[in-house]
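Student: Pasting the sequence and the predicted coordinates here, then a few questions.
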Amino acid sequence: MNTSVETSLVIADFDNHLHRDQVVALWKNVFGYPDPHNAPELAIDKKLEVNDRLFFVAMNGDEVVGTIMAGYDGHRGWIYLVAVTPQCRRQNIGSRLVSHAEQALTSRGCVKINLEILQSNANVAAFYKSLGFSVENRITMGKRVSSNIP
């Protein structure tokens, strides 16, 4: 891997035909995904159904080296699935992806951007704090909808 990825990096809209296989491989490598509701293929298919153009890839030539997915409900924005190829970390790729998603959300009128991380992931928490995010006094709750999980 070129050590100067940061200088040649391009952030582009996700293209299912061009990027899908590489994104699936990256997410499996970075996140693991043991649960069916987190399957990369399902996440990509569901995002493409929404067609909101808030799914981006960081490219070094033809290689996907990072991803970010964002969502917007008309008030709050969300950031999901920030992943950088392990050998390309510490090259400002994650920061550039977050900034790109923030700009996309802000241009749509978003007034607040949220994200979730595992409480035990101190390195990721430090990364987001360095980008201006802070821990809020919230409890996140979730409910899986089994009928929508293949």
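Tutor: Okay, I see it.
Student: what ranges do the helices span in the protein?
Tutor: Listed in chain order, the helices of the chain (DSSP state H) span residues 5-8, 16-31, 40-50, 93-107, 122-130.
Student: Of all those, which one is nearest Phe56?
Tutor: helix 93-107 (5.7 Å; Cβ to Cβ). C-beta: built from backbone N, CA, C; applies to glycine.
Student: Could you list every helix and strand in contact with that closest one?
Tutor: Here helix 93-107 is seen to pack against helix 5-8, strand 10-13, strand 55-60, strand 63-72, strand 76-84, helix 122-130 when contacts are counted using 3 or more Cβ pairs under 8 Å, 6 or more residues apart in numbering; DSSP states H and E.
Student: Including mean pLDDT, mean neighbour count and distance to Lys28, could the ones you listed go into a markdown table?
Tutor: Supplementary listing: those in a markdown table, determined by pLDDT from 0 to 100; neighbours: other Cβ atoms under 10 Å; distance: least, Cβ to Cβ, whole Å:
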| stretch | mean pLDDT | mean neighbour count | distance to Lys28 |
| --- | --- | --- | --- |
| helix 5-8 | 71 | 14 | 21 |
| strand 10-13 | 97 | 12 | 21 |
| strand 55-60 | 97 | 23 | 15 |
| strand 63-72 | 97 | 22 | 12 |
| strand 76-84 | 95 | 20 | 10 |
| helix 122-130 | 89 | 12 | 18 |
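Student: Identify whichever of these lies nearest to His37.
Tutor: With distances scored as Cβ to Cβ, the stretch of the helices and strands packed on helix 93-107 nearest to His37 is strand 76-84 (13.3 Å).
Student: Please write out the alpha-carbon positions of the closest one in CSV.
Tutor: Extracted in CSV, the C-alpha atoms of strand 76-84 (Å, rounded to 0.1, in the frame of the first residue of the first chain):
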residue,chain,number,x,y,z
ARG,A,76,-31.0,14.8,12.9
GLY,A,77,-28.3,13.2,10.9
TRP,A,78,-26.5,9.9,11.7
ILE,A,79,-23.1,8.6,10.9
TYR,A,80,-22.6,4.9,10.4
LEU,A,81,-20.1,2.4,9.2
VAL,A,82,-17.0,4.4,9.2
ALA,A,83,-14.3,1.9,8.2
VAL,A,84,-10.7,2.3,7.0
